[in-house]
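K.L.:
Mind looking at a prediction? Sequence and model below.
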Amino acid sequence: MSKTNSDMSMGALFRNRVIRTILLSALFLQIGIWVRNYSILLFVIEKTHENPVAVSLISVAEFAPIFLFSFIGGTFADRWRPKKTMVWCDFLSAISIFAVLLTLIFGSWKVIFFATLVSSILSQFSQPSGMKLFKLHVNDELIQLGMSMYQTLFAAFMILGPIIGTFVYQHYGITIAIAIMGIAFLLSAGILFMLPPDRELDEKKENTALLFEMKAGFQYVWNSRVLTLLGMSFAAAGLAMGLTQPLAVFIITEQLDLPKELLQWLMAAFGAGMILGGGLTMAVAKKIPPQALLMSGMIISAFGFIVIGISETLSLTLIAQFVSGLFMPAIQIGINTMILQNTEESFIGRVNGILNPIFMGTMVITMTASGWLKNVFSLLTIYEVSALLLIIGAATLVPLFKQVVVGLNKEEEL
């Protein structure tokens, strides 16, 4: 019987025009983004003879807009029509990339950073609009399943993306790579025209002051117990991830005493776990509450960090990395589902714009400090602290999980 229900849910999901369109658009966006990331990285490394400052500027161009534009983009996403916003963002990204291509051919190569910067800024307006469309056009019982498919696509590109980006650059060069980026963004914009028409905007809302709407967004999160606890959990997870992310190479070279080139297998194990985890999460998405998904993902990832910090063999480290990747989709899907289920449609953009920078900000703080901390503490100590932070993040969600258990017990009594 459960199999029949699962098949029916999957069929209903694929019949939903919004989900089909967003997934197809995301496919082309991921191709464009990963070709952009790796082609530009390899091009800058080649042009600057591995200058670390120039290479770090790529990350600045990619991540700085999250801090500077995430909340602004989310606020405007709540004011603007979501379909129109997404189409224009992809179209403008493509135009900016073709402008970079012309400048690259006839001018300075340094304009290449502009391609990453502009598309990253525009994504801060487009991404919350996509979440808003989920809220508007997808039934509550299908949201978690739809998010599972969405995150599985992202997980697949964790492995395929670097391969595609590196292949394009090495075989065709930066000019063709940039052209492919532009075409991918144009195709995404064209596909988005298949979305249902936008609803008419509330004129009163259009005339509301921008600063007033920003303030209302912060008040909305602060007044929501679910979103406040989720923000605290976000902060703990960001601190944990930032501590360990830059140190993976030292797990290989110092703890395991192996060549740094084996780092790619560590990344591959994590990516493979994410793909399988996305599929497994899809299979159980309707049966497990998002709070349980998020808590289990954080707790299992914490144990994965402990094992990686202790392990002195490559095989055990790879298994721990695979298991961490296996439960990463549970974290991502749980977070997005909880945001959608506990946020009014008119606040989706602002809530995203507040919670995402919390995660990124805390992650950057510990990423910045991780190199210094490694000189003071052992790798084991740092990974144990990361695990503790993840467990604290999971513990903040216990009150929300209790609510779900109480609700299920009441349903059984009825």
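P.N.:
Perfect, I can see it now. Numbering: from 1, shown residues only.
K.L.:
Buried residues in stretch 223-231, which are they?
P.N.:
Neighbour counts over stretch 223-231 (16 or more other Cβ atoms under 10 Å) mark Ser224, Val226, Leu227, Leu229, Leu230, Gly231 as buried. Where C-beta positions appear, they are placed from N, C-alpha and C, glycine not excepted.
K.L.:
Enumerate every residue touching the residue lying closest to the fifth one once chain neighbours are set aside.
P.N.:
This points to Leu230. Closest residue to Leu230 apart from its sequence neighbours, by Cβ to Cβ, 6 or more residues apart in numbering: Met338 at 5.9 Å. Met338 makes contact with Val226, Leu230, Pro290, Gln291, Leu294, Leu400, according to Cβ atoms under 8 Å, 6 or more residues apart in numbering.
K.L.:
now the fifth one: how far from Ala272?
P.N.:
In this structure, Leu294 and Ala272 are separated by 22 Å, where distance is defined by Cβ to Cβ, to the nearest Å.
K.L.:
what about the two, which has more around it?
P.N.:
Leu294 (27 against 18; other Cβ atoms under 10 Å).
K.L.:
That one against Ile339, yeah?
P.N.:
No. Leu294 is beyond contact range of Ile339, at 10.9 Å (criterion: Cβ atoms under 8 Å).
K.L.:
which residues of the stretch 301-414 of the chain fall in helices?
P.N.:
314-341, 348-376, 379-395, 398-413 (DSSP state H, counting those that start in this stretch).
K.L.:
between the ones you listed, which one is nearest to Glu213?
P.N.:
With Cβ to Cβ, the closest approach to Glu213 among the helices of the stretch 301-414 of the chain belongs to helix 348-376: 7.2 Å.
K.L.:
Report how many residues lie close to Asn375.
P.N.:
6.
K.L.:
How about Met158?
P.N.:
Number of residues near Met158 (other Cβ under 10 Å) recorded here: 20.
K.L.:
do you know which of the helices of the stretch 301-414 of the chain lies nearest Phe125?
P.N.:
helix 348-376 (8.6 Å).
K.L.:
Run through the neighbouring helices and strands of that closest one.
P.N.:
Where contact means 3 or more Cβ pairs under 8 Å, 6 or more residues apart in numbering; DSSP states H and E, helix 348-376 is packed against helix 52-79, helix 112-137, helix 210-223, helix 225-244, helix 314-341, helix 379-395.
K.L.:
Quick one, which of these gets closest to Ala155.
P.N.:
Evaluated over the helices and strands packed on helix 348-376, closeness to Ala155 peaks at helix 314-341, with 6.1 Å, by Cβ to Cβ.
K.L.:
Enumerate the positions of that closest one that are buried.
P.N.:
Neighbour-count burial for helix 314-341 flags 314, 317-340 (criterion: 16+ other Cβ under 10 Å).
K.L.:
follow-up on the earlier one: using CSV, please lay out the buried residues of stretch 223-231 together with pLDDT and distance to Leu122.
P.N.:
Below are the buried residues of stretch 223-231 laid out as CSV (pLDDT from 0 to 100; distance: Cβ to Cβ, whole Å):
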residue, pLDDT, distance to Leu122
Ser224, 89, 28
Val226, 89, 30
Leu227, 89, 26
Leu229, 91, 31
Leu230, 90, 26
Gly231, 89, 25
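K.L.:
Could you save the residues you listed as TSV and add columns showing distance to Gln170?
P.N.:
TSV is the format used below for these (distance: Cβ to Cβ, whole Å):
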residue	distance to Gln170
Ser224	48
Val226	47
Leu227	45
Leu229	46
Leu230	42
Gly231	42
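K.L.:
Among these, which one lies nearest to Gly74?
P.N.:
Closest to Gly74, out of all of those and judged by Cβ to Cβ, is Leu227, at 13.2 Å.
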